[in-house]
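> Based on what follows, work out the 3D shape:
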Amino acid sequence: MTIELYAFDTPNGRKISVALEEMGLPYTVHIVDIGAGQQFDPAFIRISPNNKIPAILDPGGPDGQPISVFESGAILIYLAEKTGLFLPRAGRARVEVMEWLMFQMGGFGPMPGQVHHFIALASEADRRYGLERYMAETRRLYGVMDRRLQGRSFFAGELSIADFALMGWVWRHPRHQVDLADFPQVQRWYTALMARPAVQRGFAVPMRAGV
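Here you go, the predicted model:
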């Protein structure tokens, strides 16, 4: 059965399309134009109560019944458990994947997201404090990731949903005003992931109207 993905061309949307491609799951994309306010449509809110993208509808959910899932981290866990891929079933390896997935959800997403907000403000006075605060924290998080990847190919053992989650936000490093050359381990990891055919397909799926 085909999963319906409700998304837009954002880091959180892209990490789900990449995961779906890597897992080999059939899906269709419904573009939710957040710039046009489509996330507030009552039909979408029934799927995503927090009116945020992404969200999915899976007609072949648990016990063969349809299910909707919102919040990108929850979607990644759901898809991994559905397929048995990219998330160990138990033990230390599973804990490590969960740690780095939550690192992205709680930090390396909200913090660079604030950079996205403040960098777009017209007033230099309004921009200055926010950018100094959130760009410093964003760079600190890149440093945490760089140290973690020293001597490792992926964040938690084998390739996992944690890598998909983090990659979605590293994809926006130019907007964070971060040169990946400053974080060579992150750069190595990111370059390797972006060379994967399934990742390239995930990023090629149109997620903007008219594209």
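> Contacts for the lowest-mean-pLDDT helix or strand in the chain next, please.
Here the helix or strand of the chain ranked lowest by mean pLDDT, DSSP states H and E is helix 110-119, holding a mean of 87. Here helix 110-119 makes contact (Cβ atoms under 8 Å, 6 or more residues apart in numbering) with 126-127, 130-131, 133-135, 137-138, 141, 169, 172, 175-177. (C-beta placed from N, C-alpha, C; glycine too.)
> Next secondary structure element downstream of it?
Sequence order places helix 124-148 as the next helix or strand after helix 110-119, per DSSP states H and E.
> can you pick the most crowded of the contacts of helix 110-119?
Counting neighbours by other Cβ atoms under 10 Å, W169 leads the contacts of helix 110-119 with 26 neighbours.
> Where does the prediction get shaky in the chain?
For the chain, applying pLDDT under 70 flags the ranges 210-211.
> Next one: the residue of the chain most remote from its centre relative to A198, how far apart?
Within the chain, A125 marks the point farthest from the mean C-alpha position, 30.9 Å out by Cα atoms, centre = their mean. Note on A125: its distance to A198, by Cβ to Cβ, to the nearest Å, is 45 Å.
> Mind splitting this protein into its structural domains?
Split into domains by automatic domain parsing, the chain comes to 3-85+198-204, 91-196.
> Next, the distance between the ends of the shortest one.
Okay, so that is domain 3-85+198-204. Chord length of domain 3-85+198-204, first to last residue, is 18 Å (Cα to Cα, to the nearest Å).
> The last one too?
Taking Cα to Cα, the first and last residues of domain 91-196 lie 28 Å apart.
> do the same with stretch 39-48
Note: stretch 39-48 ends 9 Å apart using Cα to Cα.
> what's that stretch in contact with?
The contact list for stretch 39-48, computed with Cβ under 8 Å, 6+ apart, reads Y6, V32, Q38, N51, K52, I53, A55, L57, S68, F70.
> Mind putting the residues you listed into CSV with distance to E96?
Formatted as CSV, the contacts of stretch 39-48 follow (distance: Cβ to Cβ, whole Å):
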residue, distance to E96
Y6, 30
V32, 32
Q38, 37
N51, 32
K52, 27
I53, 28
A55, 27
L57, 30
S68, 29
F70, 25
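> which residues pair with the residue lying closest to L20 once chain neighbours are set aside across the strands?
In space, L20 comes closest to Y27 once its chain neighbours are excluded; the distance is 4.8 Å by Cβ to Cβ, 6 or more residues apart in numbering. Counting by DSSP bridges, Y27 forms beta bridges with I3.
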